[in-house]
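Undergrad: make a model of this:
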Amino acid sequence: MSQFTILCLTSYEKGFEFLRESRTQGCRVLLLTAPRTDDVQWPTDSIDEKYVLREVDGRWDRTELINAVSYVARKERINAIVALDDYDLEAAAILRDHLQIRGIGETTTRYFRDKLAMRTRAGGDGITQPDFVGCLNEAAIGEFIARTPLPWILKPRGEASAIGVKKITSEEQFWQLFEEMGDKRSHYLLEQFIVGDIFHVDALTFAGKVEFAAVHKYGKPPMDLMQGGGVFSTRTIAYGSDDEKKLHAVNKALLKAMGLDFGASHTEFIKGADGKFYFMETAARVGGANIVELVEAATGVNLWAEWAKIEINYGVAEYKFAKPRKDYGGLLISLAKQEYPDMSAYTDPEIVWRINKKSHAGLIVRSKSYDRITALLDGYMQRFYNDFYTSMPAPDKATS
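TA: Sure, this is the predicted structure:
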């Protein structure tokens, strides 16, 4: 039997642990990346071949992508294609469909990249979510405006996280933006704005069964951070709580509706004033912003490594996951005013990880006590603002 060969796509610096675990599992590892990552110190001992493909307007051209990977496939028998970054999910789907390699194709991938597609799919399966309308038909938009009180959220369909999102506070503001968007308007959707706490569920699915899921709650909502600045934080919610049980249930229903049978996912929900959980968005990848390190600190599960095992064991009749620990974890990250911030004053024994990134301060704490994690994060938050915090304008599109 020939060696299992996995092609990993990422146009950004992502997925080192995925690459390393794939090598540990005995795979031949191919990496396709973009010129912007030329300075990245990739784990070369875990990569057999690295390919760099130029981009057009920040993305790979479909025809060039197919031709380039088809050329590679003349000599390489590719068994799996995995996108390590959100922006490469479509590219991986295009290649799977063209080369007829197992995994989700273009249609299913839309449910994890296109915010209008995921809204439409979730609504068709009865998942509770904000009211919405695509910015296509003016009559349909008018009906949404008539039935949905302000404020609203205007979202680009294809961006990740809260990039490019605008809060709409008047009908006049929306129609002005609608006209200014011109031919780009069909790439947006308008939806109801819901106030509440935002949660994220990071899961691993194998053969249609969610084998692992960790539930955390953000401090300040990501959209508020993106547009108004602030210190990013998220923490494990109480195990066995009513919120945790409900989020596990709705996340399973959501992933089933979207058709994700194998792989990693990062899904966000908001708890409204009515106590209901509303689906916000999902992605067929691990969470960003060092959520992988947070999940590993609390549970012992490295999402990148387990995702690699899932891809390699795809189609195996049975696959055993290690039993996770149930500690509590908390994460804080801030853009820092210092180029190399000094965090030596943060000495609590619960600190298990510190960020190593220029102009950033960040840490993860772990404890068996939910109350201890809460107290530490609450205390650190103000200290971060005093010691490190600075801000910069929000990007309109992804930059790293």
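Undergrad: CA only for contacts and neighbour counts going forward, please
TA: Fine.
Undergrad: and Thr282, how many neighbours?
TA: By the criterion of other CA atoms under 10 Å, Thr282 has 28 neighbours.
Undergrad: I'd like to know which elements whichever strand or helix holds it is packed against.
TA: Applying DSSP states H and E as the criterion places Thr282 in strand 277-283. Packing contacts for strand 277-283, counted by 3 or more CA pairs under 8 Å, 6 or more residues apart in numbering; DSSP states H and E, involve helix 106-113, helix 115-124, strand 263-271.
Undergrad: in its sheet, what does it sit against?
TA: Neighbouring strands of strand 277-283 in its sheet, by DSSP bridges, are strand 263-271 (antiparallel).
Undergrad: now Ala284: how far from Pro151?
TA: 29 Å (CA to CA, to the nearest Å).
Undergrad: and these two? Which one has more around it.
TA: More crowded of Ala284 and Pro151, by other CA under 10 Å: Ala284, with 26 against 14.
Undergrad: so how far is Lys252 from that one?
TA: For Ala284 relative to Lys252 (CA to CA), the value is 14 Å.
Undergrad: also Val316?
TA: Applying CA to CA, the value for Val316 to Lys252 is 21 Å.
Undergrad: tell me which of those two has more neighbours.
TA: The residue with more neighbours, out of Val316 and Lys252, is Lys252; 16 against 10, by other CA under 10 Å.
Undergrad: ok, now which ones touch the more buried one?
TA: Listed by CA atoms under 8 Å, 6 or more residues apart in numbering, the contact partners of Lys252 are Val210.
Undergrad: what about it, distance to Ile312?
TA: For Lys252 relative to Ile312 (CA to CA), the value is 23 Å.
Undergrad: any idea how this structure splits into domains?
TA: 5-103, 131-192, 197-387 (automatic domain parsing).
Undergrad: let me have those in TSV, adding mean pLDDT and distance to Asp125 as columns.
TA: As requested, those are arranged in TSV below (pLDDT from 0 to 100; distance: least, CA to CA, whole Å):
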stretch	mean pLDDT	distance to Asp125
domain 5-103	96	22
domain 131-192	94	14
domain 197-387	95	6
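Undergrad: secondary structure element for the residue nearest the centre of the chain, which one?
TA: For the chain, Gly287 is the residue whose C-alpha lies nearest the centre (CA atoms, centre = their mean; 3.8 Å). Counting by DSSP H and E, no helix or strand carries Gly287.
Undergrad: quick one, what contacts Gly134?
TA: Contacts of Gly134 (CA under 8 Å, 6+ apart): Leu116, Ile141, Ser186, Tyr188, Leu189, Leu190.
Undergrad: pLDDT score for the first one?
TA: The confidence metric pLDDT takes the value 97 at Leu116.
Undergrad: all helices of the stretch 1-150 of the chain, in order?
TA: For the stretch 1-150 of the chain, the helices defined by DSSP state H, counting those that start in this stretch cover 16-24, 62-72, 89-99, 106-113, 115-124, 138-147.
Undergrad: and what of the stretch 151-300 of the chain?
TA: Secondary structure of the stretch 151-300 of the chain, counting by DSSP H, counting those that start in this stretch: helices at 171-181, 222-228, 242-258, 291-299.
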